[in-house]
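Asks: test case, fold it:
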Amino acid sequence: MRESVPQPAVLAHADVFFTHAGMGSCTEGLWYGVPMVAIPQAVDQPANAKRLEAVGVGRNLRADPPSPGEIRAAVLDMATDPRVRLQVNRIRGQIRREGGPGHPPDAVIDVAEHRW
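Replies: As a prediction, this is how the structure comes out:
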């Protein structure tokens, strides 16, 4: 038994990501092409969860707390809807073509060092 497993190791095999919708988690979920079910808690999470839903790659559960039936329905919908799969794959491809989460810091350094 393990006390913890790195999130990316799990996402590489996941059908759905049940998340609080923090920016890091959303980015990793999209990098691995995993649809998300979000229960946001604070700060940027509600806006991130709304955006996941708006672009068709997540479900934002707003009830506090959502019922077990709502959670189950959202997870099954995200795991089985072919439109969600197409959209999450499209976004994953776009993120990977653009260089992923490491690209913006690298670009800032290039500009600062006059390489751009």
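Asks: and the closest residue to residue 59 other than its chain neighbours, how many neighbours?
Replies: Of all residues beyond its chain neighbours, the one nearest residue 59 is residue 74 (4.2 Å), with distances taken as Cβ to Cβ, 6 or more residues apart in numbering. C-beta coordinates here come from the backbone N, C-alpha and C atoms, glycine included. The number of residues packed near residue 74 is 22, by other Cβ atoms under 10 Å.
Asks: can you name the element that comes right after the helix or strand containing residue 74?
Replies: Element membership for residue 74 (DSSP states H and E) is helix 68-80. Following the chain from helix 68-80 toward its C-terminal end, the next helix or strand by DSSP H and E is helix 82-98.
Asks: distance of the closest residue to residue 36 other than its chain neighbours from residue 97?
Replies: Once flanking residues are discounted, residue 36 sits nearest to residue 58: 3.9 Å by Cβ to Cβ, 6+ apart. Relative to residue 97, residue 58 is positioned 21 Å away (criterion: Cβ to Cβ, to the nearest Å).
Asks: before we move on, back to that, residue contacts, the residue nearest to residue 59?
Replies: Taking Cβ atoms under 8 Å, 6 or more residues apart in numbering as the criterion, residue 74 is in contact with 37, 59, 61, 66.
Asks: re the thing from before, between the helix holding residue 74 and helix 82-98, how big is the angle?
Replies: Helix 68-80 and helix 82-98 meet at an angle of 60 degrees, taking axes from the mean of the first three to the mean of the last three Cα atoms, to 10 degrees as the criterion.
Asks: and helix 68-80, what's buried?
Replies: For helix 68-80, the buried set under the neighbour-count rule, 16 or more other Cβ atoms under 10 Å, comprises 70, 71, 74, 75, 78.
Asks: stretch 53-62 too?
Replies: Taking 16+ other Cβ under 10 Å as the basis for neighbour counts, the residues of stretch 53-62 that come out buried are 53, 57, 58, 59, 60, 61.
Asks: what is the most widely separated pair among the residues you listed?
Replies: Based on Cβ to Cβ, the longest span within those runs between 57 and 61 and measures 14.6 Å.
Asks: so what's the residue count around the nearest residue to residue 57 once chain neighbours are set aside?
Replies: Excluding the flanking residues, the one nearest residue 57 by Cβ to Cβ, 6+ apart is residue 88, at 4.6 Å. Residue neighbour count, defined by other Cβ under 10 Å, stands at 23 for residue 88.
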